[in-house]
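Novice: The following comprises the amino acid sequence and a computationally predicted model.
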Amino acid sequence: RLPPNIITQIKREVASELSINLPADLRNADDEPVAPVPEANRPPAASELEFERIHLLYDGVDPMMEPRLSKLIYNNKTKPILSEINKILDSKITTDIPIENLHSLIYSGAATVLTLNKQKISTDTQIKNVSVTPAWQRRITNKIDSIRRDIGILTQNQSLNPSSSVTKKAKAILGREQRLENPTATEILDHLKQKLKAMAKKLRRYKETGNSLLVRLGDNAKNSIFDVQVVKSPLRRLRTEWDLCGLIATDKKNILVHI
């Protein structure tokens, strides 16, 4: 006959396999169900601790003095991190939260995501002012630079001992600037100098007039044989017949007649 302790052990194993509740006299401490830890008493996760640390660091700081956050770089851990931080923010943001506190929480959440994503937070708080050169100014400036290069090459080619590369480039320029009948190198050089002077004057005038669209359209009408019909915003479309800067486009033959 088996000893009582062996019989009790067998009953426990069978009850465990069949998911049967044992009588109270056959249970031991290991069989007692473990009560779940209340949410309030559960230790905070690493992401929550990091969020609280960053929030204490930047809470109440002027938004203009906060470090600029870099672009988030995605990897296989980024989505779980975002999910955890979103849950933290959901538990802290209420419908009546002040806008300052809302900004502080969102900024802290974004900074926490970057930190957990192994990205560094810049200490630069200044917003760099990037000056954007208008497209029309870049076009004119590029043309001026190109003409200056051509003038420099032709001038070097007129020296006593020009290099072979300079001579080759000069021939290409002379072949491209065949506007006159059998022009000489000196005539082409003078033409380029006059063209450079005109382009520099145009650029200076556009800057002085505040880049007026009408001024630029007037120059295009004087220098073009094409009828102006479509213009980019703010003026999306012009009529075929238009009066601008003392000029009139009279008909569809693209003839410009001075008033």
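Specialist: Alright, I've got the coordinates.
Novice: C-alpha from now on. contacts and neighbour counts both.
Specialist: OK.
Novice: Low-confidence regions, the stretch 151-259 of the chain specifically.
Specialist: Applying pLDDT under 70 to the stretch 151-259 of the chain flags residues 178-181, 210-259.
Novice: What helix or strand is residue 174 located in?
Specialist: Here residue 174 sits within helix 164-176, counting by DSSP states H and E.
Novice: Identify the residues contacting stretch 88-104?
Specialist: The contact list for stretch 88-104 (C-alpha atoms under 8 Å, 6 or more residues apart in numbering) reads 48, 55, 58, 59, 60, 105, 106, 109.
Novice: Can you add distance to residue 159 and give the residues you listed back as CSV?
Specialist: Output for the contacts of stretch 88-104, formatted as CSV (distance: C-alpha to C-alpha, whole Å):
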residue, distance to residue 159
48, 75
55, 70
58, 67
59, 70
60, 70
105, 70
106, 68
109, 68
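Novice: Residue 120: which of these is nearest?
Specialist: Distance to residue 120 across the contacts of stretch 88-104 (C-alpha to C-alpha) is lowest for residue 109, with 14.5 Å.
Novice: quick one, the helix or strand that the helix holding residue 174 is followed by and helix 164-176 angle?
Specialist: Moving toward the C-terminus from helix 164-176, the next helix or strand (DSSP H and E) is helix 185-208. Put simply, helix 185-208 runs at 80 degrees to helix 164-176, going by axes from the mean of the first three to the mean of the last three C-alpha atoms, to 10 degrees.
Novice: Which residues in whichever strand or helix holds residue 79 does the neighbour count mark as buried?
Specialist: Secondary structure assigned from DSSP H and E places residue 79 in helix 78-92. Across helix 78-92, burial judged by 16 or more other C-alpha atoms under 10 Å covers 78, 81, 82, 84, 85, 86, 88, 89.
Novice: between the residues you listed, which is nearest residue 151?
Specialist: Closest to residue 151 out of the buried residues of helix 78-92 is residue 78 (56.5 Å), distances taken as C-alpha to C-alpha.
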